[in-house]
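>>> Can you look at this prediction? I've put the sequence above it.
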Amino acid sequence: MGRSSRTGSQRAGGSPGAGEKRSDGGADAIHDFAGKLRQPALLPKVVDYLRWQRALRKARREGSVEPRMPDLVPLSINLDLTTACNYACDHCIDWDILNKPIKHEDQELRDSMRMMAERGLRSVILIGGGEPTLYPQFVDFVAYLKELGLQVSVVSNGSRNDKILEIAPLLEKGDWVRLSLDSGSNEVFQRMHNPSKQSLTLDEICAWVPKIKQVNPAFDFGFSYVITWQGAARDATRVVENIGEIAMAARRARDAGFNYISLKPFLERAETGSEVMDPGRIEGELAKVVARIQAAVAAAKKLERPGFRVVESINLRMLIEGSWRDFTKQPRVCHMQALRQVLNPHGTFNCPAYRGVGYARIGDKDAYKDADSVRQASTITANLLDNFDASDNCKEVTCLYNGTNWWLEQMIESEGAIEGLTATDERRDWFL
């Protein structure tokens, strides 16, 4: 299905860092990544990473032998099962890597998942680069991930909800499914998404939700809404504005039985290949557009009720508050690239914002298939930690891992005992 913005992950969390107005933007718990990293299920691997970073910096100061990075695997990954997509969304951030003649080998992919799960991987987000339900072994593969004890989430375009119905019995509390719909009316949905099945409507897609929830109400079911405005573009393609349909979409989501609607702003690709929010492209006065968005979000929030909530992404709050530039002041080292990565048919990459970008590449699509490949991937990740200068490469990125990266940096540079890092309660949310 491609991705119109992040993802899977909207991201934030941590403690205040240099140049930041605040650390978490008022983060919802699902976006508090520093808090997630302190859960007992994840904390030991985080401590291993912090201990190695401290030892590495100490060795460099003293001119002694540098310790090798432990053979760590990411704790959470974005996994793109396929490049195939049956939509042609005007606002898709992955449009240039879709429908390519490249694919995963199913057994090789399973081997990688097993190896990673054995070494600490806890969650997999099936998202981006294509529509995941188009993967020929989609249902069996989700079953395999659950057999490995992994948390699983799926971001789908909603065109193949029969496949979501098939996996519904496999999912548990803590897992989630989110449909990228971005509209409140059938007309705007079709203009924005251009589905290959031209008769497909929001009505048809949303009618599946009660059926799926009846099979298994344990997992969260979300309605994803990327907010677009006049002037926003994907290269030369102007995107359809949808600010006026936010409240309509929230009502539709609530009445259809979704657990939440997630609101986030449109992202574009910078020349560096990274995903950026560029409010300067908004036509007319920025303040007027932001005021319209704010009013629409406020109207949507009035529709909340028990079992249905309106979730504002952190970068949406930054846009509304005018604080988005604060989150472009990154530390030199992006620590999160060691803890959360992207695996797709094009290879393995250090960040969802750099999916498919050559200089952010960790390895091929089989980068974690066996012990030797894990060691090689760890070596390349260590090199990226040294050479991928986030303060420069990501200086235009409103990174929602910003606070978490600053928190990890402070933990490494401080004199406090890493072993004394306070654990949070285990809330079994391991998605990063």
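That came in fine, so what should we check first? Residues are numbered from 1 along each chain as shown.
>>> Average pLDDT for stretch 226-236, rounded please.
Throughout stretch 226-236, pLDDT has a mean value of 74.
>>> cool, and stretch 123-134?
Averaged over stretch 123-134, pLDDT sits at 91.
>>> Stretch 300-315 too?
94.
>>> Go through it and flag the buried ones.
By 16 or more other CB atoms under 10 Å, the buried positions in stretch 300-315 come out as 300, 303, 308-315. From N, CA and C alone the C-beta is placed, and that goes for glycine too.
>>> could you dump those residues to JSON lines with secondary structure and distance to residue 251?
Shown next, in JSON lines, are the buried residues of stretch 300-315 (DSSP: H, G, I helix; E, B strand; the rest coil; distance: CB to CB, whole Å):
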{"residue": "300", "secondary structure": "helix", "distance to residue 251": "8"}
{"residue": "303", "secondary structure": "coil", "distance to residue 251": "6"}
{"residue": "308", "secondary structure": "strand", "distance to residue 251": "10"}
{"residue": "309", "secondary structure": "strand", "distance to residue 251": "14"}
{"residue": "310", "secondary structure": "strand", "distance to residue 251": "11"}
{"residue": "311", "secondary structure": "strand", "distance to residue 251": "16"}
{"residue": "312", "secondary structure": "strand", "distance to residue 251": "17"}
{"residue": "313", "secondary structure": "coil", "distance to residue 251": "20"}
{"residue": "314", "secondary structure": "helix", "distance to residue 251": "24"}
{"residue": "315", "secondary structure": "helix", "distance to residue 251": "24"}
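>>> What's the per-residue pLDDT of the closest residue to residue 130 other than its chain neighbours here?
The shortest distance from residue 130 to any non-neighbouring residue, by CB to CB, 6 or more residues apart in numbering, is to residue 82 (4.0 Å). Residue 82 is assigned 90 on the pLDDT scale.
>>> so residue 82, which of the three states?
The three-state assignment at residue 82 reads coil, by DSSP: H, G, I helix; E, B strand; the rest coil.
>>> State the phi and psi torsions of it.
Phi and psi for residue 82, reported as degrees, to the nearest 10, are phi -160, psi 160.
>>> Residue 301 versus that one, what's the distance?
For residue 82, the distance to residue 301 equals 36 Å [CB to CB, to the nearest Å].
>>> Same check on residue 138?
34 Å.
>>> any weak-confidence spans in the stretch 51-200 of the chain?
For the stretch 51-200 of the chain, the stretches with pLDDT under 70 are 91-100.
>>> Quick one: the helices in the stretch 51-200 of the chain, in order.
106-118, 138-147, 161-167, 186-193 (DSSP state H, counting those that start in this stretch).
>>> rewinding a little: from the buried residues of stretch 300-315, which single one is nearest residue 191?
Distance to residue 191, by CB to CB, is smallest for residue 300 among the buried residues of stretch 300-315, at 20.8 Å.
>>> Contact partners for the closest one?
Neighbouring residues of residue 300 by CB atoms under 8 Å, 6 or more residues apart in numbering: 246-247, 249-250, 261, 263, 310.
>>> Of these, keep whichever come out buried.
Buried among the contacts of residue 300 by 16+ other CB under 10 Å: 246-247, 249-250, 261, 263, 310.
>>> ok so, going back, adding mean neighbour count and distance to residue 51, write the helices of the stretch 51-200 of the chain out as TSV.
Converted to TSV, the helices of the stretch 51-200 of the chain look like this (neighbours: other CB atoms under 10 Å; distance: least, CB to CB, whole Å):
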stretch	mean neighbour count	distance to residue 51
helix 106-118	18	21
helix 138-147	19	30
helix 161-167	20	38
helix 186-193	19	47
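>>> out of those, nearest to residue 422?
helix 106-118 (26.9 Å).
>>> between that closest one and helix 138-147, what angle do the directions make?
Note on geometry: by axes from the mean of the first three to the mean of the last three CA atoms, to 10 degrees, helix 106-118 and helix 138-147 are set 20 degrees apart in direction.
>>> picking that back up, of the helices of the stretch 51-200 of the chain, which is nearest residue 294?
In terms of CB to CB, the element of those nearest to residue 294 is helix 186-193, at 20.2 Å.
>>> Name the residues that touch that closest one?
For helix 186-193, contacts defined as CB under 8 Å, 6+ apart pick out 87-91, 157, 181-183, 198, 200-203, 228, 239-240, 242, 245.
>>> Helix or strand next in line after it, which one?
The helix or strand immediately downstream of helix 186-193 is helix 202-206, counting by DSSP states H and E.
>>> Mind giving me the packing neighbours of that next one?
On a contact count with 3 or more CB pairs under 8 Å, 6 or more residues apart in numbering; DSSP states H and E, helix 202-206 meets helix 186-193, helix 246-256.
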